[in-house]
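>>> After the sequence you'll find the predicted model.
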Amino acid sequence: MFVRGYLRASTEEQDAQRARIQLANFAKERGHVIAAWYVENESGARLDRPELFRLLNDSLPGDVLLVEQIDRLSRLNAEDWESLKNEIRIRKIRVVGVDLPTSHQLINAGDDFTGRMLEALNGMMLDMLAAIARKDYEDRRRRAAQGIERAKADGLYAGRKPDTKRNAAILAMLDKGHSWSQVCAATGASRSTLSRLLKGRHD
């Protein structure tokens with residue numbers, strides 16, 4: 001059995017590595033070390049997360065997917081959460097969250113019967129926390145949208161300022177013949193950002 005640590009933050013400005021020590025200590029206290037780390041800056045509301053699926057593909061039956069909080073794993077809508085759970089179930093991976101005490105025993109579950117009982121209990125708690133995380137995500141988005149609308153009505157909203165230095169570096173790399181994948185990896189920009197910048201240059 002391998003314990004695999006998954007660290008996620010929503011934006012490049014947030015530190016996805018923040019909980020690394022906490023997860024390492026959690027595993028150590030239970031006689032384990034983190035066999036591999038998977039770190040990414042992606043929204044938990046997106047199912048398409050490369051590092052999460054690399055973790056799933058690397059895992060063997062009985063491996064542990066360790067997270068700080070369940071919302072690091074999912075802020076997904078109900079349909080996407082079912083899809084992710086199915087991927088986890090097929091691979092027989094145990095999800096352990098530091099914030100989910102019912103999952104802690106799964107890291108050292110012994111016999112098959114005990115493991116199955118713990119997974120059944122943990123599954124119910126995972127569903128509940130995933131639903132709470134999704135609601136929190138939707139509430140925050142709604143409040144942000146309301147705040148923007150109020151600011152617009154008051155003439156105070158100017159929108160997000162463009163990162164002119166990064167945008168210039170992106171265009172310079174593209175001009176030098178770097179591929180879109182190379183530029184995205186080097187700058188953290190999305191492919192849609194590259195497309196927008198190129199379109200803006202020719203408008």
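Happy to help now that I have it.

>>> Which residue ranges make up the domains of this protein?
Taking automatic domain parsing as the reference, the chain has its domains at 3-135, 164-202.

>>> For Arg150, which of those domains is the nearest?
For these, proximity to Arg150 was assessed by C-beta to C-beta; domain 3-135 is nearest, at 22.4 Å. (C-beta placed from N, C-alpha, C; glycine too.)

>>> end to end, how far does the closest one reach?
For domain 3-135, the first-to-last residue distance is 29 Å (C-alpha to C-alpha, to the nearest Å).

>>> quick one: average confidence on that domain?
Average pLDDT, domain 3-135: 88.

>>> most packed of the domains of the chain?
Neighbour counts (mean count of other C-beta atoms under 10 Å) averaged over each of the domains of the chain peak at domain 3-135, with a mean of 16.

>>> distance between that domain and the chain's centre?
When C-alpha coordinates are averaged (C-alpha atoms, centre = their mean, to the nearest Å), domain 3-135 and its chain have centres 10 Å apart.

>>> go on, stretch 170-185?
Per C-alpha atoms, centre = their mean, the displacement of stretch 170-185 from the mean C-alpha position of its chain is 25 Å.

>>> returning to that earlier point: how about CSV for the domains of the chain, with distance to Asp154 added?
Converted to CSV, the domains of the chain look like this (distance: least, C-beta to C-beta, whole Å):
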stretch, distance to Asp154
domain 3-135, 26
domain 164-202, 27
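
>>> Sketch out the strands for the chain, chain order is fine.
Using DSSP state E, the strands of the chain run over 3-9, 34-41, 64-67, 94-97.

>>> now those strands in TSV, with distance to Tyr137?
Below are the strands of the chain laid out as TSV (distance: least, C-beta to C-beta, whole Å):
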stretch	distance to Tyr137
strand 3-9	13
strand 34-41	16
strand 64-67	16
strand 94-97	17
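
>>> among the ones you listed, which is nearest Arg201?
Closest to Arg201 of those is strand 34-41 (C-beta to C-beta; 26.3 Å).

>>> For the closest one, give me every contacting residue.
With C-beta atoms under 8 Å, 6 or more residues apart in numbering as the contact definition, strand 34-41 has outside contacts at 2-12, 14, 16-17, 20, 23-24, 27, 49-52, 54-55, 58, 66, 188.

>>> Among those, which ones are in helices?
Mapping those onto helices (DSSP state H) picks out Arg20, Leu23, Ala24, Ala27, Pro50, Glu51, Leu52, Arg54, Leu55, Asp58.

>>> Return the closest of those residues with respect to Asp99.
Nearest to Asp99 among those: Leu23, at 11.5 Å, using C-beta to C-beta.

>>> hang on, Arg75 packs against Ala45?
Yes - shown here, Arg75 and Ala45 form a contact pair, counting by C-beta atoms under 8 Å, at 4.5 Å.

>>> Can you check which residues contact both of those two?
Residues touching both Arg75 and Ala45 comprise Arg134, Tyr137, with contact defined as C-beta under 8 Å, 6+ apart.

>>> Now do the top helix by length along the chain: which elements does it pack against?
Longest helix of the chain, by residue count under DSSP H: helix 112-153. Counting contacts by 3 or more C-beta pairs under 8 Å, 6 or more residues apart in numbering; DSSP states H and E, helix 112-153 packs against helix 70-73, helix 78-90, strand 94-97.
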